[in-house]
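Peer 1: please work out how this folds:
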Amino acid sequence: MDSQTNNIQDKINAYWNWRGASYDSQPGHGQRMGIEEQAAWAHTLARLLPAAPSTVLDVGAGTGFLSFLAAEIGHRVTGIDLAEGMLAQARATASTATTPPTFQLGDAVAPDLPPASFDAVISRHVLWTLRDPALAFRNWRQLLKPGGRVVAIDSFWFDPEQPQEMNDEEVRSQWAQHYSSQTQAALPNFALSDHAPLVAEMISAGFTQVSAEILSEIRSAEATPIGPQARYALIGYRAS
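Peer 2: The predicted structure is shown next:
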């Protein structure tokens, strides 16, 4: 990374380090998710992933919501993130889990892991904040075994000026400091409102059978709807 890219990523890391302790208390996250919503997530992920047990990499894992869900349905999961504050929460939860994922420091854009070592690469709420999504897609494809797949879950969160969830004054302050206009301008997917650029980018990275699916089951089950639109899953395969 060049110095400007490093500076942008440092700001992003700092924000999520700060958010780590409170992240799971927000609607749509672990501690605030009802039984129906959890069941919808589990059903959706089981449907989108290959049959268990498979090797799964969760990029930008944060506090580990998707990692734990994949592990609970029988997969062998590694979660990586650049924010130690988020990883600390994930590791604390893993210490009491029956089938815990493994969590380690790692860059979602350029994971330092062996090629062709995973059956699936997954992410949740990461696409919008990738500093170089084209590079990320190419690297994710290299990490997949032949026939493996990417399942990237996200939404169109912004209006595009502000996040939808800004009722806390301290969150607003930290957001303004770290996700400044300069940071936002450096993130190609920040203000997307259409799947087409993502699909095209995945195809350019060499993925096949690329599709974007609206996750209506999760939206219907949300106790508190998150964001202005339903989440989507971006799916692509590495050819056998």
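
Peer 1: tell me the helices and strands packed up against the longest strand belonging to the chain.
Peer 2: In the chain, with assignment by DSSP state E, the single longest strand is strand 144-154. Strand 144-154 is packed against strand 118-124, helix 133-143, strand 232-237, with contacts defined by 3 or more CB pairs under 8 Å, 6 or more residues apart in numbering; DSSP states H and E. Backbone N, C-alpha and C define where each C-beta goes, glycine included.

Peer 1: winner for burial among the ones you listed?
Peer 2: Among the helices and strands packed on strand 144-154, ranked by average contacts under mean count of other CB atoms under 10 Å, first place goes to strand 118-124 (a mean of 25).

Peer 1: now do the same contact list for the spatially most central residue of the chain.
Peer 2: Computing the C-alpha centroid of the chain and ranking residues by CA atoms, centre = their mean puts Arg124 first, at 2.7 Å. With contact taken as CB atoms under 8 Å, 6 or more residues apart in numbering, Arg124 is in contact with 58, 60, 62, 65-66, 153-154.

Peer 1: filter those down to the ones in helices?
Peer 2: 65-66 (DSSP state H).

Peer 1: closest to Leu144 among the contacts of Arg124?
Peer 2: Asp58 (13.8 Å; CB to CB).

Peer 1: if I pick that closest one, what's in contact with it?
Peer 2: 64, 66-67, 70, 77-80, 101, 122-124.

Peer 1: what separation do you get for it and Gly64?
Peer 2: 7 Å (CB to CB, to the nearest Å).

Peer 1: quick one: common contacting residues for those two?
Peer 2: Common neighbours of Asp58 and Gly64 (CB under 8 Å, 6+ apart) are 79, 101.

Peer 1: one step back: export the helices and strands packed on strand 144-154 to JSON lines and tack on mean pLDDT and distance to Ala185?
Peer 2: Output for the helices and strands packed on strand 144-154, formatted as JSON lines (pLDDT from 0 to 100; distance: least, CB to CB, whole Å):
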{"stretch": "strand 118-124", "mean pLDDT": "98", "distance to Ala185": "22"}
{"stretch": "helix 133-143", "mean pLDDT": "98", "distance to Ala185": "15"}
{"stretch": "strand 232-237", "mean pLDDT": "98", "distance to Ala185": "23"}
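
Peer 1: okay, these in CSV with distance to Gln26 next?
Peer 2: Putting the helices and strands packed on strand 144-154 into CSV (distance: least, CB to CB, whole Å) gives the following:
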stretch, distance to Gln26
strand 118-124, 13
helix 133-143, 24
strand 232-237, 20
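
Peer 1: nearest to Asp10, of the ones you listed?
Peer 2: It's helix 133-143; of the helices and strands packed on strand 144-154, that one is closest to Asp10 (CB to CB) at 17.8 Å.

Peer 1: what helices and strands are in contact with that closest one?
Peer 2: Partner elements for helix 133-143 (3+ CB pairs under 8 Å, 6+ apart): strand 55-59, strand 118-124, strand 144-154, helix 196-204.

Peer 1: flag every buried residue along the helix or strand following the last one.
Peer 2: Right, helix 196-204. Following helix 196-204 in sequence order, the next helix or strand is strand 208-214 (DSSP states H and E). The neighbour-count check on strand 208-214 (16 or more other CB atoms under 10 Å) flags 210, 212-213 as buried.

Peer 1: now tabulate those residues in TSV and tack on pLDDT and distance to Glu201.
Peer 2: Formatted as TSV, these follow (pLDDT from 0 to 100; distance: CB to CB, whole Å):
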residue	pLDDT	distance to Glu201
Val210	98	9
Ala212	97	11
Glu213	97	17
